[in-house]
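**Student:** after the sequence you'll find the predicted model.
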Amino acid sequence: MYTIVQQACNEVEGFQALCLRMEKKIMISDMSTSTLNNYLRCVALVSLHYKDLPTRLTHEQIEDYLYLLKKRDAAESFFKHTVYGLRFLFRLEGLPYRAIQLPSFKNNRKLPVVLSQSEMLELLQAPILLKHRVIIAILYGCGLRCQEVRKLQLQDIDFERNMLHIRQSKGRKDRYVPIGEMLRNEIKNYLLRNKPVKWLFNGKNNNGFSPQGVQRAVREAQQKTSIQKRVTPHTFRHTYATHLLEQGLDIVSIKELLGHAFIETTMVYLHVVTKNNKVVFSPLDTLFHKSKGESIVDNSQKSFQYENQLYLNILQKRAANRLQRLTQKSPQIEFSF
């Protein structure tokens, strides 16, 4: 639980009981721990700002607080978590009308930042610490989320099958992700030198690595390079998917490797891809094996374009059908957070 939440429990009357009710509801609903922490932290900040519970505030006070966040140029994700957390709280406390009054958000999806192969090489060669280099190599070589890297345990590494077992990730799903020859050797070298006990990357008090630790590894590596793009741990996941698509892997396979629930989520990489007709096992291997005569080809350029155009057509048809249904129905109020 965040320190800011503990502060709100101490300084705002009734917040601790409210916090427990939110935690209970979120855990029963099988929502993620990160959702719980984000909601509690944002609701705690509102409570500390007014020194009162959000349920006792007027609609004007809530709007003034949201306006203040916008004036301070708060991160978009933080602003959304504040609205979603308040909406969840109002519904939990039997105030659905207050939930409706909160702003809604348009589905404004931006194209992801993707690194080139030369930029990836530069980043992989930048870290001084072996641990930081292996973290970046796994983020890119397996396309993992930040929390998935942090939760990796020694038992999740299968060197015989060259696979990583990702347990209970987003959506409470398990999946296997292949590791290439370069990454396998790098992990073995790291295990030999650092000798972790339970977690692949140990944090303080032998716990899993913190999100701030992963972010610091990425930030310090970028500072040693000439890369001007905004690089975060999630940038490597976007780069992994884009490079695989460029090298000829079909988008359905990429969807499964990323652990996406819907193909539409994966389709965004079709907008940033530079087509190539190579098919590879791991994009990390191609960084170090790029001889002129080397080529692993299972699909032709023509079949690659045809297959992915087929998925684009399916997506366009779905969007047209959805638009037609919306125009035929009267507008309805939806509760979402």
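**Tutor:** Sure, I can see it.
**Student:** residue ranges of the strands in the stretch 51-200 of the chain, please?
**Tutor:** Secondary structure of the stretch 51-200 of the chain (DSSP state E, counting those that start in this stretch): strands at 157-158, 163-166, 175-178.
**Student:** single out the most deeply packed of the ones you listed.
**Tutor:** strand 163-166 (a mean of 19; mean count of other CB atoms under 10 Å). Where you see a C-beta, it was placed from the backbone N, CA and C, and this is true even at glycine.
**Student:** distance to K204 added to the strands of the stretch 51-200 of the chain, as a markdown table?
**Tutor:** Putting the strands of the stretch 51-200 of the chain into a markdown table (distance: least, CB to CB, whole Å) gives the following:
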| stretch | distance to K204 |
| --- | --- |
| strand 157-158 | 22 |
| strand 163-166 | 24 |
| strand 175-178 | 27 |
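**Student:** ok, which of those strands comes nearest T235?
**Tutor:** Proximity to T235 (CB to CB) singles out strand 175-178 among the strands of the stretch 51-200 of the chain, at 17.7 Å.
**Student:** strand partners (parallel or antiparallel) of the closest one?
**Tutor:** strand 163-166 (antiparallel) (DSSP bridges).
**Student:** list of residues touching the strand it pairs with?
**Tutor:** Residues outside strand 163-166 that contact it (CB atoms under 8 Å, 6 or more residues apart in numbering) are 138, 142, 144, 148, 152, 155-158, 174-179, 259.
**Student:** switch to 7 Å and redo it
**Tutor:** Strand 163-166 is contacted from outside by 142, 144, 148, 156-158, 174-179, 259, using CB atoms under 7 Å, 6 or more residues apart in numbering.
**Student:** centre of the chain to that strand, how far?
**Tutor:** The chain centroid and the centroid of strand 163-166 are separated by 17 Å under CA atoms, centre = their mean, to the nearest Å.
**Student:** tell me how many other residues crowd the nearest residue to S210 once chain neighbours are set aside.
**Tutor:** Excluding the flanking residues, the one nearest S210 by CB to CB, 6 or more residues apart in numbering is G203, at 5.2 Å. When counting by other CB atoms under 10 Å, one arrives at 13 neighbours for G203.
**Student:** wait, G203 touches Q212, no?
**Tutor:** No - taking contacts as CB atoms under 7 Å, G203 lies outside contact range of Q212: 9.5 Å.
**Student:** now do the helices in the stretch 51-200 of the chain.
**Tutor:** 59-71, 76-92, 96-101, 117-125, 130-142, 146-150, 181-194 (DSSP state H, counting those that start in this stretch).
**Student:** now do the spatially most central residue of the chain, the pLDDT please.
**Tutor:** Centroid check for the chain by CA atoms, centre = their mean gives R145 as the closest residue, at 5.1 Å. The model reports R145 with a pLDDT of 93.
**Student:** list the contacts for it?
**Tutor:** R145 neighbours (CB under 7 Å, 6+ apart): 169-170, 234, 237.
**Student:** check L129 too.
**Tutor:** By CB under 7 Å, 6+ apart, no residues touch L129.
**Student:** gap between it and E160?
**Tutor:** Distance of L129 to E160, given as CB to CB, to the nearest Å: 28 Å.
**Student:** and what of Y65?
**Tutor:** From Y65 across to E160, the span is 55 Å (CB to CB).
**Student:** so which of the two has more stuff around it?
**Tutor:** Under the neighbour definition other CB under 10 Å, Y65 and E160 were set side by side, and Y65 has more, 17 against 5.
**Student:** shouldn't that one be in contact with S47?
**Tutor:** No - between Y65 and S47 there is no contact under CB under 7 Å: 10.4 Å.
**Student:** domains in this protein, as residue ranges please.
**Tutor:** 3-101, 117-317 (automatic domain parsing).
**Student:** rank those by pLDDT, which is bottom?
**Tutor:** Looking at the domains of the chain, the bottom one is domain 117-317 with a mean of 83.
**Student:** from the chain's centroid, how far away is it?
**Tutor:** That offset, for domain 117-317, works out to 13 Å (CA atoms, centre = their mean).
**Student:** what about W199, distance to L154?
**Tutor:** 8 Å.
**Student:** between the two, which has more neighbouring residues?
**Tutor:** A count of neighbours by other CB under 10 Å puts W199 above the other of W199 and L154, at 17 against 11.
**Student:** show me what the closest residue to that one other than its chain neighbours is bridged to.
**Tutor:** Excluding the flanking residues, the one nearest W199 by CB to CB, 6+ apart is G208, at 4.8 Å. Note on G208: beta-bridge partners N202, judged by DSSP bridges.
**Student:** run through the residues that contact G208.
**Tutor:** Taking CB under 7 Å, 6+ apart, we find G208 in contact with 150-151, 199.
**Student:** what does H260 give?
**Tutor:** Taking CB under 7 Å, 6+ apart, we find H260 in contact with T266.
**Student:** so it: helix, strand or coil?
**Tutor:** Under the three-state scheme (DSSP: H, G, I helix; E, B strand; the rest coil), H260 adopts coil.
**Student:** state the distance from it to I251.
**Tutor:** Shown here: H260 relative to I251, a distance of 10 Å by CB to CB.
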